[in-house]
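Colleague: mind looking at a prediction? Sequence and model below.
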Amino acid sequence: MNMKTEAPKPLDREQVTEHIKKLDPAVGKIVEMLRKIILSTDKEIGEHIKWNNPAFYYTGEMKPFKPKEHKREIIVFNLFKGRIMLVFPGGAKVNDTSGLLEGEYKDGRRIAIFKDLNDVKSKKLALQSVITKWLTLIDK
């Protein structure tokens, strides 16, 4: 009896790390800095690959909801054509007074755009504030 064993699937964190390593090095540095900021904002933020990009979600307990509502998702990267955008699926619910979040979309998402490492550094506190406000709106 020949049992074939499959290699274990990489952990979500490892998948995100591998994804970032494959990016253009200049973009990868910015994505990695944003990743560290997002994950350091709250211990209940997890990461995985969603829609072929790094994404961050709330890992804590929540009231039941329909999967298509994506209520657990906090941020999904959009790295299309070298632009570094963070998509906040429920961003319209957040009272962002910093001006970080842009766009008015019918589905409730908002976007934050980052040009370079200096832009990330200058927007760090605003980003952490938006994430913290989002976490207070979770239906627990």
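Modeller: Good, I have the coordinates. Since the model is a prediction, treat every value here as computed from it, not as a measurement.

Colleague: how many neighbours does residue 36 have?
Modeller: By other Cβ atoms under 10 Å, 12 other residues sit near residue 36. For every residue, glycine as well, the C-beta is placed using N, CA and C.

Colleague: tell me which element it is part of?
Modeller: Per DSSP states H and E, residue 36 falls inside helix 25-41.

Colleague: next secondary structure after that helix?
Modeller: Next along the chain from helix 25-41, counting by DSSP H and E, comes strand 45-50.

Colleague: what packs against the helix or strand following that next one?
Modeller: Using DSSP H and E, the next helix or strand after strand 45-50 towards the C-terminus is strand 53-58. For strand 53-58, the packing partners by 3 or more Cβ pairs under 8 Å, 6 or more residues apart in numbering; DSSP states H and E come out as helix 12-21, helix 25-41, strand 45-50, strand 73-78.

Colleague: reformat the ones you listed as JSON lines; add mean pLDDT and distance to residue 87.
Modeller: As requested, these are arranged in JSON lines below (pLDDT from 0 to 100; distance: least, Cβ to Cβ, whole Å):
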{"stretch": "helix 12-21", "mean pLDDT": "94", "distance to residue 87": "16"}
{"stretch": "helix 25-41", "mean pLDDT": "96", "distance to residue 87": "12"}
{"stretch": "strand 45-50", "mean pLDDT": "94", "distance to residue 87": "10"}
{"stretch": "strand 73-78", "mean pLDDT": "93", "distance to residue 87": "5"}
